[in-house]
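Asker: Using only what follows, build the 3D model:
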Amino acid sequence: MFDRLQKPFLTVETGEAYQPIRLTYDITQPDKFVDALEQLRCIKKNTTPNSWSWFWHEEAEDLNFESTDHYRKGEKPLRLGTLTRRDGCLYLNLPSFKRACLAAPFFHRHLHADILKINSADFINKVFALDERLPHGFTELFKNDELDRILHQRVEDYHKVKELCEDAESPEEAFRILAEFTEKEAKKRLPYAERYIFDMKKSEDPEVIFLAFYIFLRARELVAIKRWFGQTGYSLSDAAEETVVQVFGDLNIEY
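Answerer: Residues are numbered from 1 along each chain as shown. Down below sits the predicted model:
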């Protein structure tokens with residue numbers, strides 16, 4: 001354990017922890033998609049068919065990374081992620097949670113939902129040592145069957161608790177059931193990989209949806225980092241509370 005405390009984890013050029021994450025989009029108008037995407041000057045076509053790179057440049061120039069003190073932009077723009085079109089979907093592969101949280105609202109603003117609609121995010125719940133073998137490609141990282149199984153189990157557990165709360169004899173009993181479920185979930189070991197589903201309802205503010213996504217990911221990032229440094233008792237509920245305080249404190253909003 002002492003050796004680990006002395007050894008930093010792997011980070012990306014903009015300073016945040018290396019945690020691979022893949023955003024999946026439904027291409028709703030395939031005939032308009034390529035032209036709309038390639039109109040963005042921060043997007044460059046790769047030599048591989050149906051593949052593009054997204055750069056920290058032009059339209060993406062103002063994206064803010066808090067941990068970039070050691071990074072200085074040079075003449076060559078930094079590549080933030082890689083986009084691949086396959087089977088009617090667009091996959092955006094990114095090396096950190098922060099980049100995913102910036103990418104989701106960025107592409108929502110620049111490519112409207114009638115062309116491209118965000119569907120889900122697959123991600124890794126760990127940080128990596130500097131000398132650790134990294135998975136080769138996102139196909140090796142994310143197994144659809146396993147991600148779907150974990151997601152469906154989480155939804156099923158939620159609905160069971162919801163029914164128990166609705167059938168409770170009193171509000172106090174319902175609160176006790178919910179509190180026990182929350183405490184139990186917070187102490188669970190997070191799976192190696194998870195899937196997050198976006199529910200982009202037209203009636204809801206997209207910025208609220210993307211803020212929820214940030215809070216969800218930030219909590220998991222904190223758990224991975226705190227446990228890396230030996231805080232094995234640090235839970236998801238601790239991380240969620242810390243994240244909410246940080247977010248709403250910065251916005252001066254009472255919650």
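Asker: where do the strands sit along this structure?
Answerer: 21-27, 43-45, 51-55, 79-86, 89-94, 116-124, 193-197 (DSSP state E).
Asker: Mean pLDDT added to these, as a markdown table?
Answerer: Formatted as a markdown table, these follow (pLDDT from 0 to 100):
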| stretch | mean pLDDT |
| --- | --- |
| strand 21-27 | 93 |
| strand 43-45 | 96 |
| strand 51-55 | 96 |
| strand 79-86 | 94 |
| strand 89-94 | 94 |
| strand 116-124 | 90 |
| strand 193-197 | 86 |
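Asker: possible to save the ones you listed as CSV with mean neighbour count and distance to residue 130?
Answerer: Yep, even glycine has a C-beta here, placed from its N, CA and C like the rest. Formatted as CSV, the strands of the chain follow (neighbours: other Cβ atoms under 10 Å; distance: least, Cβ to Cβ, whole Å):
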stretch, mean neighbour count, distance to residue 130
strand 21-27, 21, 20
strand 43-45, 16, 29
strand 51-55, 19, 25
strand 79-86, 18, 21
strand 89-94, 20, 20
strand 116-124, 21, 16
strand 193-197, 18, 21
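Asker: Is it possible to get TSV of these that adds distance to residue 66?
Answerer: TSV is the format used below for the strands of the chain (distance: least, Cβ to Cβ, whole Å):
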stretch	distance to residue 66
strand 21-27	18
strand 43-45	24
strand 51-55	20
strand 79-86	15
strand 89-94	17
strand 116-124	19
strand 193-197	22
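Asker: Relative to residue 229, which of these is closest?
Answerer: Taking Cβ to Cβ, strand 116-124 is the member of the strands of the chain nearest to residue 229, at 17.9 Å.
Asker: Extract the CA atoms of the closest one and return them as PDB.
Answerer: Taking Å, rounded to 0.1, in the frame of the first residue of the first chain, the C-alpha atoms of strand 116-124 are listed here in PDB:
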ATOM      1  CA  LEU A 116     -27.200  13.400 -33.800                       C
ATOM      2  CA  LYS A 117     -28.700  12.300 -30.500                       C
ATOM      3  CA  ILE A 118     -26.700  11.200 -27.500                       C
ATOM      4  CA  ASN A 119     -27.700   7.700 -26.200                       C
ATOM      5  CA  SER A 120     -25.300   6.400 -23.600                       C
ATOM      6  CA  ALA A 121     -21.800   6.500 -22.000                       C
ATOM      7  CA  ASP A 122     -19.700   3.400 -21.200                       C
ATOM      8  CA  PHE A 123     -16.800   4.000 -18.800                       C
ATOM      9  CA  ILE A 124     -14.200   2.500 -16.500                       C
END
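Asker: Just the angle for it relative to strand 21-27, thanks.
Answerer: Angle between the axes of strand 116-124 and strand 21-27 is 160 degrees (criterion: axes from the mean of the first three to the mean of the last three Cα atoms, to 10 degrees).
Asker: bridging residues for residue 89?
Answerer: On the basis of DSSP bridges, residue 89 is bridged to residue 26, residue 86.
Asker: re earlier: looking at the strands of the chain, which is closest to residue 222?
Answerer: Across the strands of the chain, closest to residue 222 is strand 116-124 (Cβ to Cβ), at 13.8 Å.
Asker: In its sheet, which strands sit next to the closest one, and in what direction?
Answerer: strand 21-27 (antiparallel), strand 193-197 (antiparallel).
Asker: what would those strands look like in CSV with distance to residue 84?
Answerer: Shown next, in CSV, are these (distance: least, Cβ to Cβ, whole Å):
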stretch, distance to residue 84
strand 21-27, 10
strand 193-197, 18
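Asker: nearest to residue 216, of these?
Answerer: strand 193-197 (6.2 Å).
Asker: If anything else comes up later, I'll come back, but that's it for now.
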